[in-house]
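Participant: only geometry, no sequence info:
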């Protein structure tokens, strides 16, 4: 199942290697490795890019945006930051104005960069998270800037920042994401394509009702109590997202595999979901901690933001300058935006069934061994009542399975960080504290679990595997997501390096050889 896209990924990495080495040598991307730092919240010792990124992540935690919307928001904000920064660099070109905003060399000071970046970031953040205006204004004031300033001089640092970001926001307003609901006549980011599910909702707490499944290969909505105790049946989150305009690829469909998830009734479908049952029955405290560490559900940074936090660590580890962070976060955030577009394109194209439906269909009325629920350990249960290792208030994300968003976001991010730093070396360690589980609070893990990753690739692979531990994806959705993400990361990085070297283009048409490689 995974061979075609994996082969495609290996070929693409070989194909881009020579070009990436050549362009990276011009960008100043790779930096030296130094002792590990912390991925704690930003402080005054961090670059202004990291400090604004921390404000964005805090806004995301207090929003209701889903993963692909979070990825888009981060890409918009960091494109605003990058475009403003290019005015004070001798080579780089912005995405909207190219080199037109460039200021004279005498103005290329740290103070001017910081001011331009701050006005750009503030303009983006207030637009994306209007409910956080007070906090964002307070941060601007703490930096010494007037959050209400409307610069008349577009050549001043504030004017550069506002001018750059206004152009990015105008461009992104028409990117098919439907940010104001005007395409659908509904809420922001709502579907405008007319999607309708064929399967009736499953009530998670009740025994499986086969009559609710019209097509066993397609996604089924779920009904369950949310964190506030209200019974909810979330609809498909953003079925239109595969049509959003990307940054480094031509379209979300470029990376789409030909086959999708194995079909119900096939030996491979049975094997992959039997494997999930076996995993469920044998979950260790470490595997549970991994599942929860990478879960990034509601009220978190979401998977795209998680990798931004890990980039904070890279910035501190390698003692980045403002210049390096402006470029790194620009490339990273656009990679996760494109990853979301590609993943959601496949989710809509294949509309694949989630394990909670598949396993209940396959094993309804049969006795199976599996994790039986919070604090209950492994028991023999009716397969028609199986639950993934997730909080009861968020049993499975509200969109189809194939491909895994976590796997795609993570592999794309890891590839960009690997290419930017010039090495796969990561060296990050964190601890999942005893009893800190949201699924089994106070029970799991029985002792602190130390998680560590020697390389970016290892972290990305574990992020993908975590969704199998959690019962959210079978093997194919994880592995194909990882493969697609690596290709997306490489292509986004190449596009970003064109911008770094003054050759920024609006589309991926300048990269036909990469698109051809991915379609082979």
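Facilitator: Yep, it's here. No experiment lies behind these values; they were computed from the predicted model shown. Numbers count the residues shown, from 1 in each chain.
Participant: residue contacts, the residue nearest the centre of the chain?
Facilitator: Central residue of the chain (CA atoms, centre = their mean): residue 304, 2.7 Å from the mean position. Listed by CB atoms under 8 Å, 6 or more residues apart in numbering, the contact partners of residue 304 are 67, 70-71, 74, 333, 336-337, 339-340, 409, 413. In this view, the C-beta of every residue, glycine as well, is placed from N, C-alpha and C.
Participant: what does the pLDDT read for it?
Facilitator: Note for residue 304: predicted pLDDT of 95.
Participant: if I look at the nearest residue to residue 326 once chain neighbours are set aside, how far off is residue 56?
Facilitator: Excluding the flanking residues, the one nearest residue 326 by CB to CB, 6 or more residues apart in numbering is residue 85, at 4.1 Å. According to CB to CB, to the nearest Å, residue 85 and residue 56 sit 16 Å apart.
Participant: ditto for residue 132
Facilitator: According to CB to CB, residue 132 and residue 56 sit 9 Å apart.
Participant: right, and residue 380 touches residue 366 too?
Facilitator: No - with contacts counted by CB atoms under 8 Å, residue 380 stays clear of residue 366, the gap being 10.3 Å.
Participant: residue 317 - how many residues pack around it?
Facilitator: Counted with other CB atoms under 10 Å, residues neighbouring residue 317 total 22.
Participant: same check, this time on residue 111
Facilitator: Residue 111: 9 surrounding residues under other CB under 10 Å.
Participant: contacting residues for the residue nearest to it when sequence neighbours are not counted?
Facilitator: Spatially, and ignoring its direct neighbours in sequence, residue 111 is nearest to residue 157 (7.8 Å; CB to CB, 6+ apart). Applying CB under 8 Å, 6+ apart, one finds that residue 157 lies in contact with 107, 111-113, 115-116, 119.
Participant: make CSV out of the residues you listed and add pLDDT and distance to residue 310.
Facilitator: Below are the contacts of residue 157 laid out as CSV (pLDDT from 0 to 100; distance: CB to CB, whole Å):
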residue, pLDDT, distance to residue 310
107, 97, 33
111, 98, 29
112, 98, 29
113, 98, 24
115, 98, 28
116, 98, 26
119, 98, 27
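Participant: restricted to strands, list those residues.
Facilitator: Using DSSP state E, no member of these falls in strands.
Participant: overlap in contacts, residue 132 and residue 56.
Facilitator: Common contacts of residue 132 and residue 56 (CB under 8 Å, 6+ apart): residue 125.
Participant: who's more crowded, the two?
Facilitator: Between residue 132 and residue 56, counted using other CB under 10 Å, the more crowded position is residue 56 (28 against 20).
Participant: quickly note the distance from residue 417 to residue 455.
Facilitator: In terms of CB to CB, residue 417 sits 10 Å off from residue 455.
Participant: now do the shared contacts for these two.
Facilitator: Jointly contacting residue 417 and residue 455 under the rule CB under 8 Å, 6+ apart are residue 426.
Participant: more crowded one of those two?
Facilitator: residue 417 (28 against 17).
Participant: nearest spatial neighbour of the more buried one, skipping sequence neighbours?
Facilitator: Nearest to residue 417 is residue 456, by CB to CB, 6+ apart, at 4.9 Å.
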